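*Asks:* attaching a predicted model along with its sequence, questions to come.
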Amino acid sequence: MTKNYEIILNYIKDLSIEIPNAETFIFSRENITKYTLGLNIKTNPIKDQTIEVITNLNYKDKNENKRKSYFEISYATVIKLKNKNMKKDELERLILCDLQNDIYPDLEKIFLKSIKDAGFPDMKLDKKIDFEKLYQQKLN
């Protein structure tokens, strides 16, 4: 299948790791498996069929406690659309599903390496994101 877009460039727009103190760090290392992964995707049209897509991942403790760390990355991808007459639903699928499937392996690798380098060497994201499933849920 031919892609309806070309990736022009990718870059880390923002990367944040917040560990307020040593006590929080120790608590976070012991409870990191309770953290949850969040995902948000935004777009900024540029010009001439070019779009900046920002994929934001965050990894945080949803529980109410004062000792928690926070991890977030905003990863920007600039794409050029090949089809000028793309329908809105086709463009939405391209951005929310097809492009995400292309970029996510690299994004996940960068995010995990950053968290590991921050002192969480055993960090893994056990649950893989199924962009196709998320897209279908959005439609329903």
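*Replies:* Received, thanks. Numbering: from 1, shown residues only.

*Asks:* the helix or strand bottoming out on mean pLDDT in the chain packs against which elements?
*Replies:* The weakest-scoring helix or strand in the chain, judged by mean pLDDT, DSSP states H and E, is helix 131-139 (a mean of 85). Here helix 131-139 touches helix 99-117, going by 3 or more Cβ pairs under 8 Å, 6 or more residues apart in numbering; DSSP states H and E. Heads up, the C-betas are built off the backbone N, CA and C, glycines and all.

*Asks:* can we see that at 7 Å?
*Replies:* Applying 3 or more Cβ pairs under 7 Å, 6 or more residues apart in numbering; DSSP states H and E, we find helix 131-139 packed against no helix or strand.

*Asks:* list the contacts of residue 116.
*Replies:* By Cβ atoms under 7 Å, 6 or more residues apart in numbering, residue 116 lies in contact with residue 123.

*Asks:* the helices in this protein, which residues?
*Replies:* Taking DSSP state H, the helices of the chain run over residues 22-31, 88-93, 99-117, 131-139.

*Asks:* so for residue 39, which of those sits nearest?
*Replies:* Among these, helix 131-139 comes nearest to residue 39, with 7.8 Å by Cβ to Cβ.

*Asks:* right, I'll leave it there.
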